[in-house]
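Engineer: pasting the structure only:
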Ligand code: SF4
Ligand code: SF4
């Protein structure tokens, strides 16, 4: 869940139409039309990625008159399916996967079960990945993959990053080589699996 208080505003005089803002927006809320950037105010999640990267300093973050509350209706989805998807992605449903917005795995799973098909869809619906945009892309990609979805990066965009291997995917020869040299892969796997399989702590026991 995210309360969006800010909105990107473009100074049309300063904008040179370079498309940097379009390429970095995690929800595809800004696009260049006739060499000028235009913000879709309903889509903007106030992350400031465009403002921070505009080479012309043409974007400022303005306070919204009416903040937008971005959240997915987890209760509106069969929780058994949410749980199944999270655990398949090797995540506990209640674990926070986006620390900037405190979004839990269950919220991302609910968004996917309600039709999200890309990290951009997930970010638009949940608010996740509209803070630092670093930590949460991997669990989002894992949840999409667990649902059988292989998203393609936005054409010409810089938003999306390929999935990195999890500890479960490290080849045996690599594990063998590094185990005991400060890495304990099998112990890590056992610990993670206990965490992933732990009972739900919140209100939704399935
Ligand atoms: S990054 Fe700045 S200059 Fe480039 S298109 Fe966006 S607003 Fe215009
Ligand atoms: S969501 Fe972020 S990058 Fe996209 S338009 Fe809004 S502030 Fe800019």
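Structural biologist: Arrived safely. Just so it is clear, the model here is predicted, and its values are computed rather than measured. Ligands and ions are numbered 1, 2, ... in the order given.
Engineer: point out where the protein drops to low pLDDT.
Structural biologist: Low-confidence segments of the chain (pLDDT under 70): 203-206.
Engineer: now do the contacts for the residue nearest the centre of it.
Structural biologist: Centroid check for the chain by CA atoms, centre = their mean gives residue 129 as the closest residue, at 3.8 Å. With contact taken as CB atoms under 8 Å, 6 or more residues apart in numbering, residue 129 is in contact with 26, 98, 119, 122-123, 136-137, 140. Backbone N, C-alpha and C define where each C-beta goes, glycine included.
Engineer: packing partners of the strand ranked longest in the chain?
Structural biologist: When the chain is parsed with DSSP state E, its longest strand is strand 59-70. If you count contacts as 3 or more CB pairs under 8 Å, 6 or more residues apart in numbering; DSSP states H and E, strand 59-70 packs onto strand 2-10, helix 49-53, helix 119-126.
Engineer: closest one to residue 65 among these?
Structural biologist: Across the helices and strands packed on strand 59-70, residue 65 has its closest neighbour in strand 2-10 (9.2 Å, CB to CB).
Engineer: got the buried residues for the closest one?
Structural biologist: Neighbour counts over strand 2-10 (16 or more other CB atoms under 10 Å) mark 2, 4, 6-8, 10 as buried.
Engineer: closest to residue 34 out of the helices and strands packed on strand 59-70?
Structural biologist: strand 2-10 (12.8 Å).
Engineer: tell me what angle the closest one forms with strand 59-70.
Structural biologist: Counting by axes from the mean of the first three to the mean of the last three CA atoms, to 10 degrees, strand 2-10 points 150 degrees away from the direction of strand 59-70.
Engineer: ok, and does strand 2-10 reach over to ligand 1?
Structural biologist: Yes - contact of strand 2-10 with ligand 1 (CB under 6 Å from any ligand atom) involves residue 10.
Engineer: spell out which parts of the protein neighbour ligand 1.
Structural biologist: Residues of the chain lying close to ligand 1 by CB under 6 Å from any ligand atom are 10, 15-21, 32, 37, 54, 56, 58-59.
Engineer: give the buried subset of the residues you listed as a PyMOL selection command.
Structural biologist: Listed next is the PyMOL selection for buried residues among the residues of the chain next to ligand 1, using 16+ other CB under 10 Å:
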select buried, resi 10+15+18+20+21+32+37+54+56+58+59
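Engineer: now, which of the residues of the chain next to ligand 1 lie within helices?
Structural biologist: 20-21 (DSSP state H).
Engineer: who are the contact partners of residue 33?
Structural biologist: By CB under 8 Å, 6+ apart, residue 33 has no neighbours at all.
Engineer: could you measure it against residue 20, distance?
Structural biologist: 15 Å (CB to CB, to the nearest Å).
Engineer: sorry, back to before: and the contacts of the longest strand of the chain?
Structural biologist: By CB under 8 Å, 6+ apart, the residues outside strand 59-70 that reach it are 1-11, 21, 37, 42, 45-46, 48, 50-51, 124-127.
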